[in-house]
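Asker: structural data only, the sequence is not supplied:
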C-alpha cells in the first residue's frame, strides 16, 4: 500500500507522514514547487525530515503551470495580499492526484490542521479544495482526521482512524509533544512558508504586473534585493547584503542589465533593459549612493560590462519616492 503526501517540510506534514508510515504504508513525499515557497533552498532540510520518518522524497516543479492556471486569475480570489490560497491548494491536490495515479498509490495525505489558518484551513475551505481538485474522499488529513469525515482509506480499513489525531486550532502543543515522542530533530518553527502571503512581496508583485508580463524567469528577480520603480518605468533592484548580491549576480534574465560598480566596492544591481536614458543615468547615481563614494567623487558603473562614469547622489533619500520594498 502506498500514499502520496503533500509535503511542505514543516512539522505538521512531517508528523502526518509518520502517522501513516507507522501503520505500514509506504509514503512518497512530494514538495510542489510553485516558485514562491521560500527565498532559501530547503532541499537538504526536507530530505532530512523525510529520512527521519522513513518517507521517499521528490520535488515536483509546476512553476509554468502555476502561473498559467492559478496565480493571475484565481477563481476564489486572493487573500490579504497576492495569495490565491484556495486555488493554490486545489492545484496542488490536483497535481498530487496525477502523481498518485502515475505511481499506483491508493490515497493522498496532507499535514493540514483544521482551524490553524482561519481563511485557508477552516472547515469550508478544506472541503472547497477537495471539490475543486476532485479529491474528495482521496485526501486524508491525519492531524485532524477525527474531526473530519472518514476518507476512503479509513472506510476501507487501510488506515486505522483511531491511531490518527483530532487536532484543531492554532496551538502547537500536541504537535510538539508528538515530535518529542518520535525523537524528531531540527524541525522548523511554524511560519508563513509562502512568499505570496507577505505584504512586501505582494506589493512587488502588484507593481510588476502593472508594467510587464510576469514569467517564470522573473520569479528569482522578485526574491531578493531592494526594489524600485523609476520615474520612466524602469525596474531597478539593488542587493542589500552579500547573500543578495550573489543571488542577483547569478540571475540569467534577458530583461535586465547587470550593474556593478568599478573601482569601489558596491552592491550588485539589475535594471530593465528598456530603461530610458534618464532612468539609466538615475540608476547609475543610485547604485553609487549605496557605496562609500562621496558626491564629489566619480567612479565607473558597468552595465553588462559597458562602463560609464558618474558620481553618487548626495543622499539615498532621493530614492524614497521610487521605493517598492
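Answerer: Thanks, I have the structure now. Please read these numbers as outputs of a predicted model, since none were measured by experiment. Numbers count the residues shown, from 1 in each chain.

Asker: where does the stretch 1-150 of the chain dip in pLDDT?
Answerer: 116-123 (pLDDT under 70).

Asker: all strands for it, in order.
Answerer: Assigned by DSSP state E, counting those that start in this stretch, the stretch 1-150 of the chain shows strands spanning 2-6, 26-33, 56-61, 107-110, 139-140.

Asker: right, and those - which one's nearest residue 321?
Answerer: With CB to CB as the criterion, residue 321 lies closest to strand 26-33 of the strands of the stretch 1-150 of the chain, at 35.8 Å. C-beta here means a position set from N, CA and C on the backbone, and glycine is covered the same way.

Asker: what does the helix or strand residue 301 falls within contact?
Answerer: Element membership for residue 301, per DSSP states H and E: strand 298-303. With CB atoms under 8 Å, 6 or more residues apart in numbering as the test, strand 298-303 has contacts from 257-264, 271, 280, 284, 287-288, 291, 293, 307-311.

Asker: mind doing that once more with 7 Å?
Answerer: 257, 259-264, 284, 287-288, 293, 307-311 (CB atoms under 7 Å, 6 or more residues apart in numbering).

Asker: can you check stretch 77-84 too?
Answerer: Identification of contacts with stretch 77-84 by CB under 7 Å, 6+ apart yields 70-71, 74, 85, 119, 194, 196-199, 202, 205-206.

Asker: can you flag the buried ones in those?
Answerer: For the contacts of stretch 77-84, a burial check counting by 16 or more other CB atoms under 10 Å picks out 70, 71, 74, 85, 194, 196, 197, 198, 202, 205.

Asker: please flag which of these sit within helices.
Answerer: Filtering the buried ones among the contacts of stretch 77-84 for membership in helices, criterion DSSP state H, returns 85, 202, 205.

Asker: ranges for the strands of the stretch 201-325 of the chain?
Answerer: For the stretch 201-325 of the chain, applying DSSP E, counting those that start in this stretch gives strands covering 226-229, 235-238, 256-262, 269-272, 298-303, 306-311.

Asker: quick one: closest of those to residue 168.
Answerer: Evaluated over the strands of the stretch 201-325 of the chain, closeness to residue 168 peaks at strand 226-229, with 38.9 Å, by CB to CB.

Asker: quick one: average confidence on the closest one?
Answerer: For strand 226-229, mean pLDDT rounds to 97.

Asker: what does it rub up against?
Answerer: Counting by CB under 7 Å, 6+ apart, residues outside strand 226-229 touching it are 204, 207, 235, 236, 237, 238, 240, 319, 322, 323, 324, 325.

Asker: check stretch 244-264 too.
Answerer: So stretch 244-264 is contacted by 217-218, 220-221, 224-225, 237, 239, 266-273, 283, 287-288, 291-293, 299-304, 307 (CB under 7 Å, 6+ apart).

Asker: just the buried positions in stretch 280-296, please.
Answerer: 280, 282, 283, 284, 285, 286, 287, 288, 289, 290, 291, 293.

Asker: check contacts around the fourth one.
Answerer: So the one you mean is residue 284. By CB under 7 Å, 6+ apart, the contact list for residue 284 reads 301, 308, 310.
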